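K.L.:
Task: produce atomic coordinates for the following.
(chains A and B)
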Protein chains: 2
Amino acid sequence: MSRKNILYAQSGGVTPVINASAAAVIEAARARPDEVGRVLAGRNGILGVLQEELIDTAELSSQDLVAMTQTPGGVFGSCRYKLKGLEENRREYERLIEVFRAHDIDIFLYNGGNDSADTALKVSQMSREMGVAVQCIAVPKTIDNDLEGTDNSPGFGSVAKYVAVSTLEASLDVKSMASTSTKVFVLEVMGRHAGWIAAAAGLAQRQPSDPPHVILFPEVAFDEARFLAAVEQAVEQHGYCTVVVSEGLHTADGKLLSDSGSTDAFGHAQLGGVAPVIAGLVKDRLGYKNHWAVSDYLQRSARHIASQTDLDHARAVGKAAVELALDGHSGVLAGIQREADEPYRWTVRPVPLEQVANHEKKIPAEFLRADGYGITEACRTYLAPLIRGEAYPDYGADGLPGFLSREFATLARRLANFTA
Amino acid sequence: MSRKNILYAQSGGVTPVINASAAAVIEAARARPDEVGRVLAGRNGILGVLQEELIDTAELSSQDLVAMTQTPGGVFGSCRYKLKGLEENRREYERLIEVFRAHDIDIFLYNGGNDSADTALKVSQMSREMGVAVQCIAVPKTIDNDLEGTDNSPGFGSVAKYVAVSTLEASLDVKSMASTSTKVFVLEVMGRHAGWIAAAAGLAQRQPSDPPHVILFPEVAFDEARFLAAVEQAVEQHGYCTVVVSEGLHTADGKLLSDSGSTDAFGHAQLGGVAPVIAGLVKDRLGYKNHWAVSDYLQRSARHIASQTDLDHARAVGKAAVELALDGHSGVLAGIQREADEPYRWTVRPVPLEQVANHEKKIPAEFLRADGYGITEACRTYLAPLIRGEAYPDYGADGLPGFLSREFATLARRLANFTA
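P.N.:
Numbers count the residues shown, from 1 in each chain, chains lettered A, B, ... in the order given. As a prediction, this is how the structure comes out:
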């Protein structure tokens, strides 16, 4: 039996642990040298595949892979580039398969979220049609935790930990000075459609008096009067109020509080900052001195406070993807299945991509507190294991993490240039 | 010889390590039981002293002190409350001394910045005038690093580490996606008058191509055209650009960039935030997709990534303050003196408060790069040791740090209420 070649690509927004999945893919492939030949990676994700810009991961030493496991961002580059439907742009799918054929790729591992699961599914179908047997496995990843077919998405647990710890820390700061200074602190977190990251802040609230006192979810329409009453009550009861707000917060008529009017490559509205809007409202209506923070990419790249559970997940799905492919699977996601909450037990299993592609996992209603400003015990039970353990990167003598940052050479091209 | 009683108070903005100084004070006092009687703390700083709200630290176990050393914010509370000059408000100073007398306080340790050094000096002078021998020692603390009489201010090193690491991490994220997504990332950091924190981001730039590509200091008047040219050049050369901007950035005529006068969706004046202003400018003039973050209190409370050097400093100045007092000193700051850059060596020595009070240490001109957008080697040499070492807090089984968060009882009052 001839050895199989693997092509790995990262897709969409990166995470603190996506490179840990990449490193696990390479390590798992190297562990089965009789079955795997080369492991290539697309530069800047699927774009690098379309443009035949491929990196040979053989140049990475085992030491590099350790550093890679500890590095946020996407070491091979990622992209926001959604392939259109097969009808609209068959040419792109054909090109992908031409590139696979030109480089003898047998296995395509696509590390991404909902859109990527859809692409992997289509490539899988198309390759069958074209008589090229490319096995496609989706490797889950998204800080938004909105991917179906997996208990949670690698990347989310680390962002959750960052947000919960930051909420706790900043609240101690505010609380200690509230008698003469800031009374309301507003922290904006990511999450356009699903409030999973905002929910994670709720883990900091171990007792009812603990922060965050108000969480504003995209799942709960913003009601100004009710919100202001909740803030006022918290300040009166606790002397201060911590508010965590999801970037996707909107009013009942669907208007985003942060609406700035511009759009990104997917046609999504580009969000402005909702924290300053909420803070302005608190100041105008209640007169409280306040501060606000927008953690933006800091939360998404905070490898320095990655969750060990999340890192374990990220590595496991990378490894499993290789093993599933070598076991003959295709058109599946390497999904995390929860076996038990406490102690937390989980496995990775193949989930048909049809069950995953283009779905969006929202927070179930039973995870949101009746007033809509906090999380329930059921939600805590779900989230708790995901932030456990601290997976610190190694620091150099200069006090900074020894991240892997390298420019990779690409392989010689075997095809003509591609224009979509 | 009768035992001396100590009153400790925290002042102004808190830091990730101010409680480490507090714990060190208590530990140093407990280590000399023949010389020290009680250690009290003012609730909410000097306000608690004025209002005779005093906490007896005897209730803290050694285990509590370990947790306290790991806790951000101010465990006893702090305040923004500047005592006026002696002429304007002699009554407040007299009250402080009455409280000292009523509780047999011999030593006043004031943990703060420039204003606090001034207060400690005045209290010291006043107590002599009133025939009450209260020894006053200032314990340095400020994330702004603008305090004279000390090589650096405890609190700064940890914020510097947070900012340098965050800049590195977020830049890896941006770099990996710049081909199709965000090209310019703007991180706002604290520092109204002195750009020390912004300078610390420069530690992430180990090579000229490394981020941050542009640092905007409050010491350098903002020049829009020159800034935009620098951003454009970085994007052309590196594919992306990371900008770190100090909240105190202003134009040559003194106008703060954060006073942009913009309004939000509600028509309210948008509060603060220079990052969105800079990001908006980049988008409008250069058209680059961008993201921005405002770390605000997150940077000031990020005990999870405290610098070991900074923590060592914070503990050393607390301990030294007690020892200086027991050695008979008064009217001095427990200042950090640098003995050598590499390997870094330092001691703590008494510095007369007259040399400290109300001064403000700005970044020396030789620390700023000729173009005003980065730091020099001299600045790196100064900053480098301050972010070395990782002083992680202990985490609980829930994946969150085991911070000390407690409501303290206050001692029975011995005086009538005070109204200023």
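
K.L.:
So stretch A:339-346, near chain B or not?
P.N.:
No: residues of stretch A:339-346 contacting chain B under Cβ under 8 Å from any Cβ of the partner chain: none, with a closest distance of 10.3 Å. From N, CA and C alone the C-beta is placed, and that goes for glycine too.

K.L.:
Can you tell me what sits against that stretch?
P.N.:
Stretch A:339-346 is contacted by residues A:151, A:309, A:313, A:336-338, A:347, A:381-382, A:384-385, A:388 when judged by Cβ atoms under 8 Å, 6 or more residues apart in numbering or on different chains.

K.L.:
from those, which would you call buried?
P.N.:
A:151, A:309, A:313, A:336, A:382, A:384-385, A:388 (16 or more other Cβ atoms under 10 Å in any protein chain shown).

K.L.:
okay, those in CSV with distance to chain B next?
P.N.:
Formatted as CSV, these follow (distance: Cβ to the nearest Cβ, whole Å):
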residue, distance to chain B
A:Asp151, 17
A:Thr309, 8
A:His313, 14
A:Ile336, 17
A:Tyr382, 14
A:Ala384, 6
A:Pro385, 8
A:Arg388, 4
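
K.L.:
In helices only, show me the contacts of stretch A:339-346.
P.N.:
Mapping these onto helices (DSSP state H) picks out A:309, A:313, A:381-382.

K.L.:
So what's the residue count around the closest residue in space to A:Pro385 that isn't next to it in sequence?
P.N.:
Closest residue to A:Pro385 apart from its sequence neighbours, by Cβ to Cβ, 6 or more residues apart in numbering or on different chains: A:Tyr344 at 3.5 Å. Using other Cβ atoms under 10 Å in any protein chain shown, A:Tyr344 has 14 neighbouring residues.

K.L.:
do the same with the one 5 residues further on
P.N.:
Applying other Cβ under 10 Å, we find 15 other residues in the vicinity of A:Arg349.

K.L.:
Also A:Leu168?
P.N.:
With other Cβ under 10 Å as criterion, A:Leu168 counts 27.

K.L.:
how far is stretch A:279-296 from where the chain is centred?
P.N.:
28 Å (Cα atoms, centre = their mean, to the nearest Å).

K.L.:
Check whether it comes near chain B.
P.N.:
Yes: against chain B, stretch A:279-296 shows contacts by Cβ under 8 Å from any Cβ at A:279-281, A:283-284, A:290-296.

K.L.:
Flag every buried residue along that stretch.
P.N.:
Buried residues in stretch A:279-296, counted by 16+ other Cβ under 10 Å: A:279-283, A:285-286, A:288, A:290-296.

K.L.:
Throw the buried ones among the contacts of stretch A:339-346 into TSV and include pLDDT, thanks.
P.N.:
Below are the buried ones among the contacts of stretch A:339-346 laid out as TSV (pLDDT from 0 to 100):
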residue	pLDDT
A:Asp151	98
A:Thr309	98
A:His313	98
A:Ile336	98
A:Tyr382	98
A:Ala384	98
A:Pro385	98
A:Arg388	98
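
K.L.:
Can you name the element that comes right after the lowest-mean-pLDDT helix or strand in chain A?
P.N.:
Scoring the helices and strands of chain A by mean pLDDT, DSSP states H and E places strand A:269-271 at the bottom, with a mean of 45. On the C-terminal side of strand A:269-271, the closest following helix or strand by DSSP states H and E is helix A:275-286.

K.L.:
follow-up on the earlier one: which two of the ones in helices among the contacts of stretch A:339-346 have the greatest separation?
P.N.:
The two members of these with the most space between them (Cβ to Cβ) are A:His313 and A:Thr381, at 17.5 Å.

K.L.:
isn't A:Ala321 right up against A:Val139?
P.N.:
Yes: using Cβ atoms under 8 Å, A:Ala321 is in contact with A:Val139, at 4.7 Å.

K.L.:
which residues do those two both contact?
P.N.:
Contacts common to A:Ala321 and A:Val139, judged by Cβ under 8 Å, 6+ apart, are A:25, A:109, A:334.

K.L.:
Among these, which ones are in helices?
P.N.:
Per DSSP H, the subset of these in helices is A:Val25.

K.L.:
Throw the shared contacts of A:Ala321 and A:Val139 into TSV and include pLDDT, distance to chain B and neighbour count, thanks.
P.N.:
As requested, the shared contacts of A:Ala321 and A:Val139 are exported to TSV (pLDDT from 0 to 100; distance: Cβ to the nearest Cβ, whole Å; neighbours: other Cβ atoms under 10 Å in any protein chain shown):
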residue	pLDDT	distance to chain B	neighbour count
A:Val25	98	17	29
A:Leu109	98	17	28
A:Ala334	98	22	29
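
K.L.:
Pull the number of nearby residues for the nearest residue to A:Asn44 once chain neighbours are set aside.
P.N.:
Nearest non-adjacent residue to A:Asn44, counting by Cβ to Cβ, 6+ apart: A:Gly77, 3.7 Å away. Neighbour count of A:Gly77, defined by other Cβ under 10 Å: 26.

K.L.:
So A:Gly77 is in contact with A:Gly48, correct?
P.N.:
Yes: A:Gly77 is within contact range of A:Gly48, at 6.9 Å (criterion: Cβ under 8 Å).

K.L.:
All the strands of the stretch 201-350 of chain A, in order from the start?
P.N.:
Ranges of strands within the stretch 201-350 of chain A are A:214-216, A:241-246, A:259-263, A:269-271, A:290-294, A:332-340, A:345-352, based on DSSP state E, counting those that start in this stretch.
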